[in-house]
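Participant: After the sequence you'll find the predicted model.
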Amino acid sequence: MAEVPKVFVYVPQSTPAEEDPSDGSWVKVFRKDRFTAMVDFPAGTIEPAHHHTNGDWMYVIQGEIHVTHVSEMKTYVLKPGDFLYTPGGVSHHVLYATDCKYIYCNDGQFDGPFWDGEEKAAIRPKK
């Protein structure tokens, strides 16, 4: 059998997800060195203004996500098939308008989030 080159990462469907039963969100981490994950958030979840050291990107699979780049005060409304890159250090606010699923990748190891306002944690809907 041929050896798979190291540039390929295979994550079987059976890989466990880290779940938060209080709100139904979950994250399935694929890589940690260049942080890559499948993320699922319920409608109404808010991530207050924050930033990361490295740039990050999201590719939407399901739902509608509103990402506001705070310095520009520009909101991007992302729907399935949309891709958004946010450079490192750029403060952004995220609203999950509907139940959402997306692929998240950070240009390096995941750090932060470093909160840029009074709120210091994600605001999640109560079940």
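Facilitator: Everything's here; your move. Keep in mind that what you see is a predicted model, and the values were worked out from it rather than measured. Residues are numbered from 1 along each chain as shown.

Participant: need the contact list for Tyr104.
Facilitator: Tyr104 makes contact with Phe35, Thr36, Ala37, Met38, Val39, Asp56, Trp57, Met58, according to CB atoms under 8 Å, 6 or more residues apart in numbering. Backbone N, C-alpha and C define where each C-beta goes, glycine included.

Participant: which helices and strands sit right next to the one helix or strand the third one maps to?
Facilitator: If you go by DSSP states H and E, Ala37 is part of strand 36-41. Using 3 or more CB pairs under 8 Å, 6 or more residues apart in numbering; DSSP states H and E as the contact criterion, the neighbours of strand 36-41 among helices and strands are strand 25-31, strand 100-106.

Participant: Residues contacting the helix or strand that that strand is followed by, please?
Facilitator: As assigned by DSSP H and E, the chain's next helix or strand after strand 36-41 is strand 46-51. Strand 46-51 has contacts (CB under 8 Å, 6+ apart) with 70, 88-96, 112-123.

Participant: No further questions, thank you.
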